[in-house]
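*Asks:* Predicted coordinates and the sequence they were generated for:
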Amino acid sequence: MQNLLELSGISVAFGGIKALADVSLAAAANRVTAVIGPNGAGKTSLFNVISGFYPADTGQVLFAGNDLLKSPAHTRSAMGISRTFQNIALFPGMTVEENIKLGAHAHLRSGLLASALYFGAARREEQAITRRIGETVLSLLDLRDYRDRSVSGLPYGVQKRIELARALVTQPKLLMLDEPFAGMPPPEKAKMSSYIRRIVTETDVTALLIDHDMESIMSMSDHIVVLNFGRVIAAGTPAEIQSDPAVIEAYLGGE
Amino acid sequence: MSNQMTSTAPLKTAGVGRPSGNTEAISWALLALALLVLPYFGSVYVVYMACLIAINVIATVGLNITVGYAGLLSIGHSAFLGVGAYASALAWLHLGTPLFVNVIIGGVAAFAVGLVFGIPALRIKGVYLAIATLAAQYSLYFVFQQWTAVTGGDRGLSLPKLDVFGLGDTGFYYAVAIVALVTCIAARNLFRTRIGRSFVAVREKDFAAEVLGINVVRTKLMAFGIGAAYTGVAGALLAAFLRLVNPDQFTLLVSVFFLAAVVVGGRASILGSIMGALFMTLMPEILRFVLEHTAGSGADLASLLSPLREILFGALIVGFLIFEPRGLVGLVERALGRSEAIEARQSEH
Amino acid sequence: MLMQLLEFSIIGIASGGIYVLAALSFVIVYKATNVFNFATGEMMMFGTYLFYLVDYQLGFGWIAGLAAALAGSAILAMVLERSLMRPLIGRPAVVMVMVTLGIGSIMRGVAGLFWGPEVRQLTEVLPRKPIFLGDMLIPGKLAWGFVIAGVIAALFMAYYRYSRAGTAIRATSTDQITAESLGINIRAVFLLSWGLAGVLAAASGIITGSVNGVTPQLGLVALNVLAVVMLAGMTSVGGVVIAGLFVGWLETLVGAYLGASWQSFIPYLVVLLVMVIKPNGLFGERRIERI
């Protein structure tokens, strides 16, 4: 089993606060790996290091053999990594379709002149991407009805799916989801669970999730890593994690 | 913040794009037609004002691309107007090139200068760009004023009369109208495609834009450069229009004028830019008219006009930003009953 | 030769005192409310005109003039904060800055309407008699202006460091949410910081006006102060002092050796150089944005 993403010895400190301390984990290809832990355990910081927003003080991040820490944040997309954000980072000033099209930004080619002219190459490209989005993610995630609506004002669960759609349009190898279940009622969580599983099964996408909803994670992850106070305290299959005493203590002791 | 409306009614907005493609194409065609026949129905004064308005539209669209769409605050924008004006004037005086070539030279020169000031500033945070543009304003003023050998110093450059298309003044009007139409449509098209979307993305959430593969610094530079280029084009046309180029045409007050045009008309909107430029160009004329009829004789009009303009421009900026952030475009849409569209799209404006 | 350089240097540092006050005004507003107040220069100008009005035009004397100027500026600043800036909280920074730009424009226009564009001289509060340091001649007004600016700056910094209000401002500037949860009334902090900014700006303006007279354009010199603020880094109160004196020094030297027009250009050159070489200023912190 190949590891698509490998972190070794990652440490990040902000001033006096250690957000991550010597974190190592691996995400196996075409599997769902989840990082869980109580609030403040450092999960989002971990994502931000992988995304290139936070510099790591020590350690290495290898993605398909490449050292990620050496590359600037905006190259992640071209490398095949896409991500969603905890607080939903959709662009309120644009429609659902435009937001999703932005997922394809790295693939689209129209330059300044072609765009200014529009009729010709740019128009063809726009029509092609519109069609592709319609045929793939809009159907996959049941977003057809929302296509031309403005993003702001849509229900939370729908916005989360739009963000997922946008992340998928980049045709990533690694899909990083930051709290995909947050703020959802159980039926929606189940739907999101099945969407994610479907994506991983039907394509060769690898999923790396963060969440602190134990139930949802347990039911759909292949491998789980548990963080607490910036450290890895356990890693293994859902069954192993459920019976791990350190994990039980962290969760019972914490919340 | 913005996400308060949970509307279930279908909101047919179009975000960066606007009303349906066909309506828009027809509107542009109608506008072109109106511009074409204007000289036959309007007096010399009307054609004169139309030229001025069109020039201001081009500059406003440029500033709107930078400030409205990409969210970068540019305060010293009139400096780029100056760069375009001087560059094109010098090309004409020393190389004898035709109008359209001079206009392109003006645009390219402004673009280059824009990059010079933009590159250091955009690597850091937003406010720094504002300061860099102020630095641009004053440094370029310094250059315009001091480099007497080239720019003519305080006296500036004077240009001979142009004869475009063999139609004299009307010919010049047509040239300006064509350039204005082309630049507006080009800007409009830009925001139908990936580049335009990336500007908006960078404005609204630059970290998310990075994740999507957008090089934020390069995108901001492009937005800043294009904005400067458009303004340079306007400057080139202005030089030919006024037949005079001197440093006092490119002051902070002029920069504030264009900022007001963007804010009043509507940020992130080409239609807004047109409306804003129209409003702001006519405003001082109306002001002067009102003054002449109310202040009576003996009042020193000239000394009143300048401070009144400063108050007016400032008040327009503050007033619209606080009370009607979507500008005149917002007012129009509201009047047309598309209020759901506005609130839904309030976003972070 | 060296004596001349030294003389110019001292004059330069003295004139830098004005910059220090104006820069402190910028920084306190920026730290507390995250707004870059482009109307700071106009607040300087307004305070100076108030002084002129009460002291000279209404004839109440310079003490009354001073009181009116400082109080009036503080009040105006607080009114501006409460009525114009407060409703804009949550809007992007670009909007806030544009509003301050608009406010500045309005204030310039109002001053132009009331007092016209001519230079008005302020009453001679600062002793004009030059100070002799050995063979060097330092203009009296500049020297005294520097001393006064120094005193005000020191008072302000002591207040900022040691008083409860100052601590509240510092807490708010670090993290608004945490400050509020600790029971700090951040709206009061906003008001206070603008009020202080108004006082600092007025003081700076009056000193400037005492040396050069006052016109509606007086505030434009504050744009030079941007160079100071950038040099110091937006967030460093202490760095501002050093940067302010440095820019004053540099400006005077450039003016003396290269001429007046270079003098007005220099601050912007400094700004650009700082941006290229040390983007966070010499003393500023590198802020990592928490996403």
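*Replies:* Thanks, I have the structure now.
*Asks:* Could you report the separation of residue C:204 from residue B:135?
*Replies:* Going from residue C:204 to residue B:135 by CB to CB, to the nearest Å gives 21 Å. For the C-beta atoms, the positions are set from N, CA and C on the backbone; glycine is no exception.
*Asks:* Comparing the two, which residue is more hemmed in?
*Replies:* residue C:204 (33 against 28; other CB atoms under 10 Å in any protein chain shown).
*Asks:* State the next helix or strand along the chain beyond the strand or helix carrying the more buried one.
*Replies:* Assessed by DSSP states H and E, residue C:204 sits inside helix C:186-212. Next in sequence after helix C:186-212, counting helices and strands by DSSP H and E, comes helix C:221-232.
*Asks:* could I have that following helix exported to CSV, CA atoms only?
*Replies:* Extracted in CSV, the C-alpha atoms of helix C:221-232 (Å, rounded to 0.1, in the frame of the first residue of the first chain):
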residue,chain,number,x,y,z
VAL,C,221,2.7,66.7,5.3
ALA,C,222,1.1,63.9,7.2
LEU,C,223,1.5,61.8,4.1
ASN,C,224,5.2,62.1,4.7
VAL,C,225,4.6,60.6,8.1
LEU,C,226,3.5,57.4,6.3
ALA,C,227,7.2,57.0,5.5
VAL,C,228,7.8,57.0,9.2
VAL,C,229,5.1,54.6,10.0
MET,C,230,6.2,52.2,7.3
LEU,C,231,9.8,52.4,8.4
ALA,C,232,8.9,51.7,12.0
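*Asks:* List the buried residues in whichever helix or strand comes after that helix.
*Replies:* Sequence order places helix C:237-258 as the next helix or strand after helix C:221-232, per DSSP H and E. For helix C:237-258, the neighbour count (16 or more other CB atoms under 10 Å in any protein chain shown) marks C:237, C:239-256 as buried.
*Asks:* what angle sits between the next helix or strand after helix C:237-258 and helix C:237-258?
*Replies:* Using DSSP H and E, the helix or strand that follows helix C:237-258 towards the C-terminus is helix C:260-277. Interaxial angle of helix C:260-277 relative to helix C:237-258 (axes from the mean of the first three to the mean of the last three CA atoms, to 10 degrees): 140 degrees.
*Asks:* Per-residue pLDDT of residue B:80, please?
*Replies:* Turning to residue B:80, the model gives it a pLDDT of 96.
*Asks:* State the mean pLDDT of the helix holding residue C:204.
*Replies:* The pLDDT scores in helix C:186-212 average 92.
*Asks:* cool, and stretch A:143-163?
*Replies:* The model assigns stretch A:143-163 a mean pLDDT of 88.
*Asks:* Check the separation of the first and last residues in that stretch.
*Replies:* With CA to CA, to the nearest Å as the measure, stretch A:143-163 spans 11 Å from end to end.
*Asks:* Run through the residues that contact residue C:178.
*Replies:* By CB atoms under 8 Å, 6 or more residues apart in numbering or on different chains, residue C:178 lies in contact with residue C:171.
*Asks:* Shouldn't it be within a helix?
*Replies:* Yes - under the criterion used here (DSSP: H, G, I helix; E, B strand; the rest coil), residue C:178 sits inside a helix.
*Asks:* do you know how far it is from chain A?
*Replies:* 13 Å (CB to the nearest CB, to the nearest Å).
*Asks:* what inclination does the helix holding residue C:204 have with respect to helix C:221-232?
*Replies:* 120 degrees.
*Asks:* List the buried residues in helix C:186-212.
*Replies:* In helix C:186-212, counting by 16+ other CB under 10 Å, buried: C:186, C:189-211.
*Asks:* same question, stretch B:220-236
*Replies:* Buried residues in stretch B:220-236, defined by neighbour count with 16+ other CB under 10 Å: B:220-236.
*Asks:* Go through those residues and flag which are in helices.
*Replies:* B:220-236 (DSSP state H).
*Asks:* mind checking the SS state of residue 22?
*Replies:* All of this is about chain A. From three-state DSSP, the assignment for residue A:22 is strand.
*Asks:* can you check residue C:123 too?
*Replies:* Assignment for residue C:123 (three-state DSSP): coil.
*Asks:* Which pLDDT value does the model give residue C:7?
*Replies:* We have a pLDDT of 85 for residue C:7.
*Asks:* ok now do the residue nearest to it when sequence neighbours are not counted, which residues does it touch?
*Replies:* Once flanking residues are discounted, residue C:7 sits nearest to residue C:136: 4.1 Å by CB to CB, 6 or more residues apart in numbering or on different chains. Residue C:136 is in contact with C:3, C:6-7, C:10, counting by CB under 8 Å, 6+ apart.
*Asks:* Ok, residue C:7 next?
*Replies:* C:136-138.
*Asks:* Which of these sits closest to chain B?
*Replies:* Nearest to chain B out of the contacts of residue C:7 is residue C:138 (CB to the nearest CB; 28.6 Å).
*Asks:* you'd agree the closest one is up against residue C:127?
*Replies:* No - Residue C:138 lies out of contact with residue C:127 (CB atoms under 8 Å); the separation is 11.8 Å.
*Asks:* So which of these two has more stuff around it?
*Replies:* For residue C:138 versus residue C:127, the count of surrounding residues by other CB under 10 Å is larger for residue C:138: 17 against 11.
*Asks:* So what sits opposite that one in the bridge?
*Replies:* When assigned by DSSP bridges, residue C:138 has beta-bridge partners residue C:131.
*Asks:* Listing request: residues of the chain with sub-threshold pLDDT.
*Replies:* The chain I'm using is chain A. Within chain A, the stretches with pLDDT under 70 are A:1, A:252-255.
*Asks:* Oops, wrong one, chain B.
*Replies:* Checking chain B against pLDDT under 70 turns up B:1-21, B:126, B:295-302, B:337-349.
*Asks:* need the strands for it, in chain order.
*Replies:* B:157-158, B:244-245 (DSSP state E).
*Asks:* Of all the residues in the stretch 151-300 of chain B, which one is nearest chain A?
*Replies:* Using CB to the nearest CB, residue B:213 is the residue of the stretch 151-300 of chain B that sits closest to chain A, at 2.9 Å.
*Asks:* where does that residue fall, phi/psi-wise?
*Replies:* The phi/psi pair for residue B:213 (degrees, to the nearest 10) reads phi 90, psi 10.
*Asks:* quick one: it and residue A:72 touch, right?
*Replies:* No - counting by CB under 8 Å, residue B:213 stays clear of residue A:72, with 11.0 Å between them.
*Asks:* And those two? Which one has more around it.
*Replies:* residue B:213 (23 against 11).
*Asks:* thinking again about what came up before, quick one: which of the contacts of residue C:136 is nearest to residue A:248?
*Replies:* Taking CB to CB as the measure, residue A:248 lies nearest residue C:10 of those, at 72.0 Å.
*Asks:* And for that closest one, nearest residue in space, chain neighbours not counted?
*Replies:* Per CB to CB, 6+ apart, closest to residue C:10 is residue C:138, 5.9 Å.
*Asks:* now that neighbour: how far from chain A?
*Replies:* Going from residue C:138 to chain A by CB to the nearest CB gives 44 Å.
*Asks:* quick revisit: pick the most buried one from the strands of chain B.
*Replies:* Burial of the strands of chain B is given as mean neighbour count (mean count of other CB atoms under 10 Å in any protein chain shown); strand B:244-245 ranks first at a mean of 22.
*Asks:* so who does the residue of the stretch 151-300 of chain B closest to chain A touch?
*Replies:* If you count contacts by CB under 8 Å, 6+ apart, residue B:213 has them with A:74-78, A:105-106, A:170.
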